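**Q** Return atomic coordinates for the entry below.
(2 chains)
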Amino acid sequence: EPEVTQTPSHQVTQMGQEVILRCVPISNHLYFYWYRQILGQKVEFLVSFYNNEISEKSEIFDDQFSVERPDGSNFTLKIRSTKLEDSAMYFCASGGSSSYNEQFFGPGTRLTVL
Amino acid sequence: AQSVTQPDIHITVSEGASLELRCNYSYGATPYLFWYVQSPGQGLQLLLKYFSGDTLVQGIKGFEAEFKRSQSSFNLRKPSVHWSDAAEYFCAVGVNTGFQKLVFGTGTRLLVSP
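**A** So this is what the prediction gives:
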């Protein structure tokens, strides 16, 4: 069964460093998302991406964040200068050919900022 | 604003007993409702969804949920809980302004006692 994959599973970085979180969505999906979950809190929407552009972003998704689909298979989330409060589990999700399709989530990347 | 409330942070159920997890939502339009399960160290797996039609929806692993518009609720049920059902359960509402984002509740952690 096709699934969303994410790498790395755990990333540790120093405050102020740039990180790139990688996701491989399900191959025929057209809608891509990033969510995050700070430890002990709810899962929060960050950004949705369709047709090679951001379709919606939350207020969390400020200028420090960017997303890219560099090669037609990967979907990346970049944080330019990490802060302590960026420590969280980051989930990638993909959906099919309609924005009404259900979203399939990857296993997540745990980001720890020291 | 859209929101999802899961009033129970933790629930403990004996193996073999029935289960009901509560979910209330606030959303002005027709809701798209989801239940996801998250096992430790795992991503979010879709249990079931409601888009329209029959208000009682069946999902995987023997779960079902009932949409009650008058109560703004979408409670998850299972007639007989197994030890492997111990996990965190998230209710979510899909907010679609052309591009869907999921708004999650805070989750309910289910513990199963022998």
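**Q** In the sheet, which residues pair with residue A:68? Tell me.
**A** residue A:76 (DSSP bridges).
**Q** give the contact list for it.
**A** By CB atoms under 8 Å, 6 or more residues apart in numbering or on different chains, the contact set of residue A:68 is A:75, A:76, A:78. For every residue, glycine as well, the C-beta is placed using N, CA and C.
**Q** out of those residues, who has the most neighbours?
**A** residue A:75 (26 neighbours; other CB atoms under 10 Å in any protein chain shown).
**Q** Test my guess that it contacts residue A:24.
**A** Yes - checked against CB atoms under 8 Å, the pair residue A:75 and residue A:24 is within contact range at 7.4 Å.
**Q** center of the chain - which residue?
**A** I'll assume chain A. The residue lying closest to the centre of chain A (CA atoms, centre = their mean) is residue A:34, at 3.3 Å.
**Q** sorry, should have said chain B
**A** Note: chain B centre (CA atoms, centre = their mean) maps to residue B:35, 3.4 Å.
**Q** State the distance from it to residue A:102.
**A** 11 Å (CB to CB, to the nearest Å).
**Q** Between the two, which contacts overlap?
**A** B:46, B:49.
**Q** Format the contacts of residue A:68 as CSV; extra columns: pLDDT.
**A** As requested, these are exported to CSV (pLDDT from 0 to 100):
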residue, pLDDT
A:75, 96
A:76, 97
A:78, 97
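**Q** Run through the residues that contact residue B:74.
**A** B:23, B:24, B:25, B:31, B:33, B:35, B:50, B:65, B:66, B:67, B:68, B:91 are the contacts of residue B:74 under CB under 8 Å, 6+ apart.
**Q** Quick one: buried ones out of these?
**A** B:23, B:24, B:25, B:31, B:33, B:35, B:50, B:65, B:66, B:67, B:91 (16 or more other CB atoms under 10 Å in any protein chain shown).
**Q** Flag the least confident of these.
**A** On pLDDT alone, residue B:31 ranks lowest of the buried ones among the contacts of residue B:74, at 85.
**Q** what's the distance between that one and residue B:100?
**A** Residue B:31 is 12 Å from residue B:100, by CB to CB.
**Q** Same question for residue B:64.
**A** On the measure of CB to CB, residue B:64 and residue B:100 end up 23 Å apart.
**Q** Which residues are in contact with each of residue B:31 and residue B:100?
**A** Joint contacts of residue B:31 and residue B:100 (CB under 8 Å, 6+ apart) are residue B:94.
**Q** Is it correct that residue A:85 falls within a strand?
**A** No - counting by DSSP: H, G, I helix; E, B strand; the rest coil, residue A:85 is located in no strand; its state is helix.
**Q** Close to chain B: what parts of chain A are there?
**A** Counting by CB under 8 Å from any CB of the partner chain, the residues of chain A close to chain B are A:4, A:31, A:33, A:35, A:41-45, A:48, A:50, A:55-56, A:58, A:91, A:93, A:95, A:99-100, A:102-108.
**Q** mind saving the C-alpha coords of stretch A:51-60 as PDB?
**A** This file holds the C-alpha atoms of stretch A:51-60, laid out as PDB (Å, rounded to 0.1, in the frame of the first residue of the first chain):
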ATOM      1  CA  ASN A  51       0.300  23.200  -8.500                       C
ATOM      2  CA  ASN A  52       3.800  24.300  -7.300                       C
ATOM      3  CA  GLU A  53       2.700  27.100  -5.100                       C
ATOM      4  CA  ILE A  54       1.500  27.700  -1.600                       C
ATOM      5  CA  SER A  55      -2.300  27.700  -1.500                       C
ATOM      6  CA  GLU A  56      -2.800  28.500   2.200                       C
ATOM      7  CA  LYS A  57      -0.500  29.100   5.200                       C
ATOM      8  CA  SER A  58      -1.100  29.600   8.800                       C
ATOM      9  CA  GLU A  59       0.100  32.500  10.900                       C
ATOM     10  CA  ILE A  60       2.800  30.100  12.300                       C
END
